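A.B. asks: model this:
(2 chains)
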2 protein chains.
Amino acid sequence: MDQLLNLIVEEAKTVLKAERATVFLIDKERKELWSKAALGAHKIRIPLDKGISGAVASSGKLLNIRDVYKDPRFNPEVDKKTGFRTRSVLTVPMRNAKSQVIGVFQVLNRIQGNAFDHQDEEILTLLADQATAQVENTHLYQEIRKLAQETIIRLAGAVEYKDYDTRQHLWRMSQYSALIAQKMGFDPEWCENLRLAAPMHDIGKVGVPDNVLNKPGKLSPEEWVEMKKHPQYGAEILGGSESELMQTSAIVALYHHERWDGKGYPKGLKEKEIPIEARIASLADVFDALVSKRIYKPSFSMEETLRLIQDEKGKQFDPEVVEAFFEILPKIMPIMEAYTPRGDSDKAVATPSF
Amino acid sequence: MDQLLNLIVEEAKTVLKAERATVFLIDKERKELWSKAALGAHKIRIPLDKGISGAVASSGKLLNIRDVYKDPRFNPEVDKKTGFRTRSVLTVPMRNAKSQVIGVFQVLNRIQGNAFDHQDEEILTLLADQATAQVENTHLYQEIRKLAQETIIRLAGAVEYKDYDTRQHLWRMSQYSALIAQKMGFDPEWCENLRLAAPMHDIGKVGVPDNVLNKPGKLSPEEWVEMKKHPQYGAEILGGSESELMQTSAIVALYHHERWDGKGYPKGLKEKEIPIEARIASLADVFDALVSKRIYKPSFSMEETLRLIQDEKGKQFDPEVVEAFFEILPKIMPIMEAYTPRGDSDKAVATPSF
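C.D. replies: Just a heads-up that it's a prediction; the model follows:
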């Protein structure tokens, strides 16, 4: 989505005949302006209360300066660091629909002539509106994806009328699935798709009778036959769609209990016969289930869990998936630590978006 | 989302000093170009194989013409209709990332000077890239919303492990809910939110025991007590979220069995005590259930259904919602006809996105 913003910045440079053009966004928490899109400059962060950009961001009024080194507001720090020599500067505020300033649009060094003129001010203001609309669209887009994930997790988690812990589990296993997929080199869209699809893997449990699904003790062989139908039910619920997300979710639902050594169900597929989506989600699911406390079992320690996964490499799990998983452990651990209520600890646990 | 496209068109007009600027998109089915965004002109449709725009759309090459009336490719039809007099025309193709031409960007009548120059060509090409990216983003956005709806309906429909008919029902009742809300004057975003939230209204049925939920005959008083808990369960599953969609869906789930006259459940609220989202979704749900064939009942005729709803105005249903519903019947009927398998008819039935 940022491609469009880059196009707008490129246009500013061309149309206004500037050496550099940059969109800076306000980072409220860090009280900084950061270069979201820049042509002819490196990515930079500058204090929100300093320099020309800071002045425009806080006043909300444009500044058109012929020679910045004569302006006391100018902050020469960036020039000092980069070796660039700023001369003329035109900076306009970026105002959203609620009239809040979300950043500034800046062009530096008019190539022909000494300064930017009044028409340039008008044009850059128009471009700033475009850039603002684009930034807001991108936020909206990200919000919708986040919302889609929350909705999927709540609905998929509702299947067994499970509690908040189940939601957290689904959220974590879907993050882990995406991280493993990234490590294995799949493209970002594919990984995002898997992130959304993975939490639906157990939806087929709606087809399993209550007395089997909620049985406190061990299942009888007949009950196991019923339980083992849930991947097929899931594939029926999710299958037959044109959408890639649904197709992925149907595949994960159908094959998440297959094993690398062929001893899984429902089809007894082995190795690469099992779709990679399912091989990834299966490990993410099992790992998270092991380290989490469940009503019917305490949590395994991290050591036990990791040893078990290592032992199952090439048996239950795809060796390549296991390897990718161990390589990204440093990314997985903080998520797990923050979002998993473990053992008997009363430690406060962070919550994802719900 | 179209606001950004309008900004780009506005900019083209300003920067290129043109009397008019228009983005035309290709409508493949109708073999036409239509003005998606236009400044200084009315919305128009022109044949894809005619005129300057048609030539640019089919060749994929820009045309910069000083005096169009001397050009045999020029189609004077639009001028004749509108009374506008076209002089100079610059038209560039809009190419997407796959290099397909999806439309053209056109500016008319250079205000200063007789013709658009080479630099104008470069700038308009840049603007065309921006406009294209924006059109593609909008499509992507719409795709994601569609996907969110399909996902919600599949998962919510899975709750009772119901069949394809249930999905169709949820899809239809959600369309009807949005149409009623539009008619009642709610803003488009609110209506869209209701469209996505409405299908989740029965998710709480996951908490109702199998033997009650799937009982073929009438429920006993004790079983009704169990069944009537589903709005509360739904509110628990969907509640407590920061997202507007989840909040709306929790409200609809909790109150969709309340009645205008106060005889509903779980709270026995009456009239405007019942949130409007729930009053709308409730009518949409009941209407669709009545006209649909279910395993345990034949479909009511349209006449019977409409009479029943009219009779329940001010009893089960909010009178204003009923009025809005009757006013939009002409929009509801074609959806119902196309997407509802009714009675014993073997007529083919269209499918929504899944």
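A.B. asks: what about A:Asp117, how many residues close to it?
C.D. replies: 13 (other C-beta atoms under 10 Å in any protein chain shown). Just so you know, the C-beta spots here come from the backbone N, C-alpha and C atoms, and that holds for glycine as well.
A.B. asks: report pLDDT for it.
C.D. replies: Looking at A:Asp117, its pLDDT is 93.
A.B. asks: any idea how far chain B is from it?
C.D. replies: 13 Å (C-beta to the nearest C-beta, to the nearest Å).
A.B. asks: likewise A:Leu5?
C.D. replies: Per C-beta to the nearest C-beta, A:Leu5 is found 9 Å from chain B.
A.B. asks: in which helix or strand would I find A:Val92?
C.D. replies: Using DSSP states H and E, A:Val92 sits within strand A:89-95.
A.B. asks: again with A:Leu108
C.D. replies: Going by DSSP H and E, A:Leu108 is in strand A:101-110.
A.B. asks: quick one: that strand to chain centroid distance?
C.D. replies: Centroid separation between strand A:101-110 and its chain, computed with C-alpha atoms, centre = their mean, to the nearest Å, is 28 Å.
A.B. asks: off-centre distance for the helix or strand following it?
C.D. replies: Sequence order places helix A:118-158 as the next helix or strand after strand A:101-110, per DSSP H and E. Centroid separation between helix A:118-158 and its chain, computed with C-alpha atoms, centre = their mean, is 14 Å.
A.B. asks: tell me the helices and strands packed up against the helix or strand following helix A:118-158.
C.D. replies: As assigned by DSSP H and E, the chain's next helix or strand after helix A:118-158 is helix A:164-183. Secondary-structure packing of helix A:164-183 (3 or more C-beta pairs under 8 Å, 6 or more residues apart in numbering or on different chains; DSSP states H and E): helix A:118-158, helix A:188-197, helix A:276-291, helix A:319-327, helix A:329-339.
A.B. asks: as TSV, those with mean neighbour count would be great.
C.D. replies: Below are the helices and strands packed on helix A:164-183 laid out as TSV (neighbours: other C-beta atoms under 10 Å in any protein chain shown):
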stretch	mean neighbour count
helix A:118-158	21
helix A:188-197	20
helix A:276-291	24
helix A:319-327	18
helix A:329-339	14
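A.B. asks: on that earlier part again, now the strand holding A:Val92 against helix A:118-158, angle please.
C.D. replies: 40 degrees (axes from the mean of the first three to the mean of the last three C-alpha atoms, to 10 degrees).
A.B. asks: what pairs with strand A:89-95, and is each one parallel or antiparallel?
C.D. replies: With DSSP bridges as the test, strand A:89-95 is paired with strand A:63-65 (antiparallel), strand A:101-110 (antiparallel).
A.B. asks: Throw the helices and strands packed on helix A:164-183 into JSON lines and include distance to A:Phe24, thanks.
C.D. replies: Converted to JSON lines, these look like this (distance: least, C-beta to C-beta, whole Å):
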{"stretch": "helix A:118-158", "distance to A:Phe24": "10"}
{"stretch": "helix A:188-197", "distance to A:Phe24": "25"}
{"stretch": "helix A:276-291", "distance to A:Phe24": "38"}
{"stretch": "helix A:319-327", "distance to A:Phe24": "36"}
{"stretch": "helix A:329-339", "distance to A:Phe24": "29"}
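A.B. asks: among the ones you listed, which comes closest to B:Lys17?
C.D. replies: helix A:118-158 (9.8 Å; C-beta to C-beta).
A.B. asks: and the closest residue in space to A:Phe105 that isn't next to it in sequence, how far from A:Glu11?
C.D. replies: Once flanking residues are discounted, A:Phe105 sits nearest to A:Ala128: 4.1 Å by C-beta to C-beta, 6 or more residues apart in numbering or on different chains. Relative to A:Glu11, A:Ala128 is positioned 12 Å away (C-beta to C-beta, to the nearest Å).
A.B. asks: before we move on, the earlier item: just list the residues touching the residue nearest to A:Phe105, thanks.
C.D. replies: A:Ala128 makes contact with A:Val92, A:Pro93, A:Met94, A:Arg95, A:Val104, A:Phe105 under the criterion C-beta atoms under 8 Å, 6 or more residues apart in numbering or on different chains.
A.B. asks: in a strand, that's where A:Val23 is, yeah?
C.D. replies: Yes - applying DSSP: H, G, I helix; E, B strand; the rest coil, one finds A:Val23 inside a strand.
A.B. asks: hmm, it is touching A:Leu33, no?
C.D. replies: No - applying C-beta atoms under 8 Å, one finds A:Val23 not in contact with A:Leu33, separated by 10.0 Å.
A.B. asks: list residues touching both of those two?
C.D. replies: Each of A:Gly103, A:Val104 lies in contact with both A:Val23 and A:Leu33 under the rule C-beta under 8 Å, 6+ apart.
A.B. asks: what parts of the stretch 201-350 of chain A come near chain B?
C.D. replies: Residues of the stretch 201-350 of chain A lying near chain B by C-beta under 8 Å from any C-beta of the partner chain: A:203, A:206-207, A:209-211, A:233, A:237-238, A:240-243, A:245-246.
A.B. asks: the residues you listed in helices, which ones?
C.D. replies: Under the assignment DSSP state H, those contribute A:Asp210, A:Asn211, A:Tyr233, A:Ile237, A:Leu238, A:Leu245, A:Met246 to helices.
A.B. asks: could the residues you listed go into TSV alongside neighbour count and pLDDT?
C.D. replies: As requested, those are exported to TSV (neighbours: other C-beta atoms under 10 Å in any protein chain shown; pLDDT from 0 to 100):
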residue	neighbour count	pLDDT
A:Asp210	14	81
A:Asn211	12	86
A:Tyr233	20	93
A:Ile237	25	89
A:Leu238	28	91
A:Leu245	23	90
A:Met246	23	90
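A.B. asks: taking those together, which two end up most distant?
C.D. replies: The largest separation in these, counting by C-beta to C-beta, is between A:Asn211 and A:Leu245 at 32.7 Å.
A.B. asks: run through the residues that contact the closest residue to A:Gln310 other than its chain neighbours.
C.D. replies: In this structure, A:Gln310 finds its nearest non-sequential neighbour in A:Val322, 7.2 Å apart by C-beta to C-beta, 6+ apart. Neighbouring residues of A:Val322 by C-beta under 8 Å, 6+ apart: A:Leu283, A:Ile309, A:Gln310, A:Glu312, A:Lys313.
A.B. asks: need the pLDDT of the residue most central in space within chain A.
C.D. replies: Chain A has A:Glu192 as the residue nearest its centroid, 7.5 Å off, counting by C-alpha atoms, centre = their mean. For A:Glu192, the pLDDT comes out at 90.
A.B. asks: thinking it is in contact with A:Ala181, fair?
C.D. replies: No - counting by C-beta under 8 Å, A:Glu192 stays clear of A:Ala181, with 9.2 Å between them.
A.B. asks: mutual contacts of these two, please.
C.D. replies: Residues touching both A:Glu192 and A:Ala181 (C-beta under 8 Å, 6+ apart): none.
A.B. asks: what helix or strand is A:Arg85 on?
C.D. replies: Applying DSSP H and E, one finds A:Arg85 in no helix or strand.
A.B. asks: gap between it and B:Glu192?
C.D. replies: Taking C-beta to C-beta, one finds A:Arg85 at 51 Å from B:Glu192.
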